[in-house]
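Q: How does the following fold in three dimensions:
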Amino acid sequence: MHADVNSESPRVSVVMPVFNAAEWLRETCSGILSQTMADFELVAVDDASSDKSYEILESAARDDSRIRLMRSPQKGIVAALNYGIAESRGRYVARMDADDIMPTRRLELQADFLDRHAHIALVTGKIVYLGDAALNAGYARYVDWLNTFQTSNDFADRRFIESPVAHPSVMLRREVLRADPYRHGDFPEDYDLWLRLLQAGLSFSTVAEPVLHWRDHGARASRTDARYDIEKFYIHKSGFLAEWLRQRGLNKVVVWSGGRRTRRRIDALRAHAITIDQFIDVHPRRVGQVIQGVQVVSPESFFAGPKKFVVVYVSSRGAREAIVTSLNENGYTEGSNFICAS
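A: Numbering: from 1, shown residues only. Below is the predicted model of the structure:
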């Protein structure tokens, strides 16, 4: 029986919802219980599993007093997360999924970082992708993109492109997680929370070491739950982007567009009363056209005129980086004169 922990107020609470994860659960628990920092509790919340998940956790809890096993009073990831957080007692709250692997120094690295940086609300770290990168190139590219983040500004400025952190990689200060921090809705619950925390002015950061081995498989909720459909991301974040713009006195913007599909997604931004002043497009055939009542101009023509705020709505990462370089070279600063979205 492991007893090297303050049972009343551990330094870290690891909150882990569990649903039918028997295939991976022993390996996941082994990684958590092998942490170099022992002062933590594992709050494992079973979400009506129909496999042997609960029995596996019961057996592990008999051998290690740091495991607190409970059943969620309501079904679903949001209810399980909110219940686990409400029951947790740690100064910091770390998220973990029941099918991933936690490197042995993760809790030590992240808790030490938060101890040293009082202004940081959430810390993540490097992600190791566990999956077929050739077969699932989109997920692998997403992990590569997450691993480029280095500063708090990276998280703030890139939040409207994709979710800026991997959910099971984070550690947060307890005080930023108010009662029932995750919301029910037709949207991804984690991205919604990150957008709300960033909108409130809180800062995210990262450590340089790996904090998660992220397992990609066909049963992952992001592949099976309709709330994680890509269009739900676009629709949900548009309201946060519109509010971010209004907070800066902007209700009219120029959009650097990636074509017809991108312009359809801009309709969600318009639905929040943001007016599109111009489209910027590099395609000669579209320059000079009026699309949806908006004039399409070339980058050269745009840069020759007065400076206007630009929303870069280009999804392709290589193209987006080239556009950011062009904007920088013409005196535009990310977060001040332009923001990237998708």
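
Q: Report the mean per-residue pLDDT for stretch 174-191.
A: The average of the pLDDT scores along stretch 174-191 is 93.

Q: Now do that stretch: distance from first to last residue.
A: 18 Å (Cα to Cα, to the nearest Å).

Q: Also stretch 282-292?
A: The first-to-last residue distance of stretch 282-292 comes to 18 Å (Cα to Cα).

Q: and residue 211, what does it touch?
A: Neighbouring residues of residue 211 by Cβ atoms under 8 Å, 6 or more residues apart in numbering: 102-103, 106, 109-110, 124-127, 169. Quick note: C-beta positions are derived from backbone N, CA and C, even for glycine.

Q: Burial check on residue 95, number of neighbours?
A: 24 (other Cβ atoms under 10 Å).

Q: May I have the beta-bridge partners of it?
A: residue 15 (DSSP bridges).

Q: And the pLDDT for it?
A: 98.

Q: what's it in contact with, if anything?
A: 14-16, 167-172.

Q: And those, which two are furthest apart?
A: 16 and 172 (14.5 Å; Cβ to Cβ).

Q: How is this protein divided into domains?
A: 12-228, 230-341 (automatic domain parsing).

Q: Deepest in the core, which of those is it.
A: domain 12-228 (a mean of 18; mean count of other Cβ atoms under 10 Å).

Q: name the element residue 318 belongs to?
A: helix 317-329 (DSSP states H and E).

Q: tell me the mean pLDDT for that helix?
A: Rounded mean pLDDT across helix 317-329 is 93.

Q: List the contacts of it.
A: 141, 145, 161, 256, 258, 299, 310, 312, 314, 334, 337-338, 340, 342.

Q: got CSV for the contacts of residue 211, with pLDDT and distance to residue 208 too?
A: Output for the contacts of residue 211, formatted as CSV (pLDDT from 0 to 100; distance: Cβ to Cβ, whole Å):
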residue, pLDDT, distance to residue 208
102, 98, 17
103, 98, 13
106, 98, 13
109, 98, 9
110, 99, 12
124, 98, 11
125, 98, 7
126, 98, 7
127, 98, 12
169, 98, 13
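
Q: Looking at those residues, which are in strands?
A: Counting by DSSP state E, those place 124-127 in strands.

Q: what's whichever strand or helix holds residue 143 packed up against?
A: Using DSSP H and E, residue 143 sits within helix 137-146. If contacts are counted by 3 or more Cβ pairs under 8 Å, 6 or more residues apart in numbering; DSSP states H and E, helix 137-146 sits against strand 120-130.

Q: What is the strand it packs on packed up against?
A: Using 3+ Cβ pairs under 8 Å, 6+ apart, strand 120-130 sits against helix 106-116, helix 137-146, strand 171-173, helix 189-199, strand 203-215.

Q: same thing but 10 Å
A: strand 92-95, helix 106-116, helix 137-146, helix 152-158, strand 171-173, helix 189-199, strand 203-215 (3 or more Cβ pairs under 10 Å, 6 or more residues apart in numbering; DSSP states H and E).

Q: Now do it against helix 106-116, angle only.
A: Interaxial angle, strand 120-130 versus helix 106-116 (axes from the mean of the first three to the mean of the last three Cα atoms, to 10 degrees): 160 degrees.

Q: returning to that earlier point: tell me the two of the contacts of helix 317-329 that are most distant?
A: 141 and 337, at 27.0 Å, using Cβ to Cβ across the contacts of helix 317-329.

Q: next one: stretch 88-97 to chain centre, how far?
A: Centre-to-centre, stretch 88-97 and its host chain are 17 Å apart (Cα atoms, centre = their mean, to the nearest Å).

Q: I should have written stretch 35-51 there, sorry.
A: 21 Å.
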